[in-house]
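1. pasting the sequence and the predicted coordinates here, then a few questions.
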Amino acid sequence: MKLHNIAINNLRRRKAKVCFLVIGLLVGVAAVVALLTTTQSMTEDMAHKMDEFGANILITPRTEGLALNYGGLDLGGLSFDQKEISQEDLSKIKTIENAANIRLVSAKVFGVFETQGHKALAVGVDFTSELALKKWWKINGSAPKSDSEILMGHDASERLKAGLGSKLDIKDYEFTVSGILEPTGSQDDSLVFMSLPGSQEIFNKKGKISMVEIAALCKNCPISEIVRQLSEKIPTGKVTAVQQVVEGRMDTLHSFKRLSLGISGLVLFVGAMVVFVTMMGSVNERTREIGIFSAIGFRSSHIMKIILLEAFLVSLSAGVLGYLVGIGVTYGILNALSEHAPHLTLDYTMAVGSVFLAILIGLLASFYPARAAAAMDPSEALRTL
Amino acid sequence: MNYIEAINVRKEFGEGDAKVAAVSSIDLSIRQGEFISIMGESGSGKSTLLSMLGGLLSPTQGFIKIEDIDIYSLKRNKLADFRREFMGFIFQSFQLVPYLNVIENVQLPLAVTHHTEKEKKRLALSALERIGLKDKALRLPNQISGGEQERVAIARAVVNEPPILFADEPTGNLDSRNSEEVMKLLMKLNSEGQTIVMVTHSRTNAEFAHRITEVADGKLKHSEAPIRLAV
């Protein structure tokens, strides 16, 4: 018979009360784990989505005197006399050190054409990349599926009087309007989108690219580093980070993290209070036996050891179970919130941290009750019968 | 030589106008190996006196000396060690720990000693054998009768062989047959050399002792030798 036998026997033979205590702490730990893990997963998901939502890096030709405005940047007069980026250079993008962060690459070729007495700007794009990059696009009709189909911006469609299914001559080539963009409020409204090879063909720009838009996943990587690496690989291009986009995204993510940390702190505080009240109640219920321990010669430290050892074992169980329940709850939440299969990251640090946190809270919340029990006068304790 | 001495002890409870003296100006001397009964009505102060003699309740005034040591001059931990080494307690209503089985309850005072586990078990089984409950060692307190619970409480009090045994109404919850068995057990322990201080309100039980001391209104009325010494 040692002190730990008393603690273990108490826990084993008072299962209902131990369960209540474990559940009290477990709920707190599970709530924090669920909140932090959900936030973490959602933050990552949000970061991915935000990084995919439009470009955050532009590569434009290193040419002086260009004046065309696109995406808030001066792209130059993408007409006829500017130098283009070689299409071969695109393959170098995927060879940079941070290639894993490159999510989407959308190359573009610009060309001016005249039809029905109106001038217009055509953009050759790879529609798969472009549609992935511009998820806000809503198309009446469908995206072009062949080189002979084009997608009209809303204003361009009205100006050129080219409705859905109508034919349009561009540089002596006939195209069918397969889709019309709903108004976007951007320069896309006045553009005519066609396939990249088709535009290279009709504007005599084979093997050349006017501009590249890149969506880089930059939640945890410095965008400036990616810009530097790209500049080294493509010396003919001018690589620019769209700073307001990058900083806006990081601000949103930081705000989201701060909110989740604040809520976690609050939940943790409530959890600690639950443990404290439960432990205090448990100690008060055991006044009689604490009086017996004291009367038969247990020192204050012996009584504290028994109570804190019990708290440790309860907290350990609550920490482990709380983590598992928290992960389960997170999975459920993500399953309910996400249209796709939830992306749940099992974090070793979170597992160890939640168990450590449970033990810390359990011991801290039990320390005062244990001290109060140890300081109890034995005759007073026995008098409470 | 006196083994246990209460010198002018007084115990007050409460504050200000509500202050009440449960025990006032009591002097009492107990010899080694003596079996003394402290008698009195409910609220007379006999249990308070026992608590003070047993190192559980410090007096407001006066001294308690055991083996000439002023026990309340000892620090809290030293006093706990002293209680463990010198005293065994039999409380009212058995006071067994409900989640520990019989042998674990008996071993309780040994949990903080330096005996080996084997030695602790041997001592506990020996104590249970003395009270005739060795065969119920693994039962929980609620699985044995009231008389048996009282005997387990006695085994727990004597397991580390303390020289002094304090008993507070040890037969208070027992029928007459079990009461007599318990008293005989106490007499046996006393005959083996243990000093016993017992609080009781039963004249019949008190007469098992060498000496009966009566307390009324917190004061010692008189001491007397019992009319008959039980065998």
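-> Done, it's in.
2. least confident secondary structure element in chain A?
-> Of all regular secondary-structure elements in chain A, judged by mean pLDDT, DSSP states H and E, the least confident is strand A:73-74 with a mean of 52.
3. next, residue 190: phi, psi?
-> Because you didn't say which chain, this covers chain A. The phi and psi values for A:S190, taken as degrees, to the nearest 10, are phi -100, psi 10.
4. now do the longest helix along chain B: distance to the chain's middle.
-> Across chain B, the helix with the greatest residue count (assigned by DSSP state H) is helix B:176-191. With CA atoms, centre = their mean, to the nearest Å as the basis, helix B:176-191 stands 14 Å off its chain's centre.
5. give the next helix or strand downstream of it.
-> If you walk from helix B:176-191 toward the C-terminus, the next helix or strand you reach (DSSP states H and E) is strand B:195-200.
6. which strand in chain A runs the most residues?
-> strand A:102-115 (DSSP state E).
7. contacts for the following helix or strand past the least confident helix or strand of chain A?
-> Following the chain from strand A:73-74 toward its C-terminal end, the next helix or strand by DSSP H and E is strand A:85-86. The set of residues external to strand A:85-86 that reach it, using CB atoms under 8 Å, 6 or more residues apart in numbering or on different chains, is A:59, A:61, A:207-212, A:234, A:236-237. Using the backbone N, CA and C atoms, a C-beta is placed for each residue, glycine as well.
8. any idea how far A:S231 is from the residue in the stretch 251-385 of chain A that chain B sits nearest to?
-> Closest approach between the stretch 251-385 of chain A and chain B, counting by CB to the nearest CB: A:G297, at 2.4 Å. Here the criterion is CB to CB, to the nearest Å. By it, A:G297 lies 79 Å from A:S231.
9. so these two - more neighbours on which side?
-> When neighbours are counted by other CB atoms under 10 Å in any protein chain shown, A:G297 comes out ahead of the other of A:G297 and A:S231, with 28 against 15.
10. where does that one fall, phi/psi-wise?
-> phi 110, psi 20.
11. check contacts around it.
-> B:80-85, B:87, B:109, B:112.
12. what's opposite A:M194 in the beta bridge?
-> When bridges are assigned using DSSP bridges, the partners listed for A:M194 are A:G124.
13. and for residue 62, nearest residue in space, chain neighbours not counted?
-> Just so you know, I chose chain A. A:K238 (4.9 Å; CB to CB, 6 or more residues apart in numbering or on different chains).
14. actually, chain B is the one I wanted.
-> Excluding the flanking residues, the one nearest B:G62 by CB to CB, 6+ apart is B:V9, at 3.5 Å.
15. check the secondary structure at that neighbour for me.
-> Each residue gets one of three states, and B:V9 gets strand by DSSP: H, G, I helix; E, B strand; the rest coil.
16. and it, how far from chain A?
-> For B:V9, the distance to chain A under the criterion CB to the nearest CB, to the nearest Å works out to 14 Å.
17. unless I'm mixing things up, that residue is touching B:Q61, no?
-> Yes - using CB atoms under 8 Å as the test, B:V9 is close enough to B:Q61 to be in contact (6.8 Å).
18. of the two, which one has the most company?
-> Using other CB under 10 Å, the more surrounded residue of B:V9 and B:Q61 is B:V9, with 24 against 14.
19. contacts only, for the more buried one.
-> Contacts for B:V9 (CB under 8 Å, 6+ apart) come out as B:23, B:25-27, B:49, B:52, B:59, B:61-64.
20. related to what we said a few turns ago, model confidence for the residue of the stretch 251-385 of chain A closest to chain B, exactly?
-> As summarised for this prediction, A:G297 has a pLDDT of 91.
21. repeat that for A:S166.
-> Each residue has a pLDDT score; the one for A:S166 is 90.
22. one more: B:E129?
-> In the prediction, the pLDDT value recorded for B:E129 is 91.
23. next, count neighbours for it.
-> Applying the criterion other CB under 10 Å, we find 13 residues in the vicinity of B:E129.
24. which positions in the helix or strand it falls within come out as buried?
-> Here B:E129 sits within helix B:117-130, counting by DSSP H and E. With burial defined by 16 or more other CB atoms under 10 Å in any protein chain shown, the residues of helix B:117-130 counted as buried are B:120-121, B:123-125, B:127-128, B:130.
25. and the angle for it with helix B:176-191?
-> Following axes from the mean of the first three to the mean of the last three CA atoms, to 10 degrees, one obtains 120 degrees for the angle between helix B:117-130 and helix B:176-191.
26. now the element after helix B:117-130, going C-ward?
-> Trace forward from helix B:117-130 with DSSP H and E and the next one is helix B:146-158.
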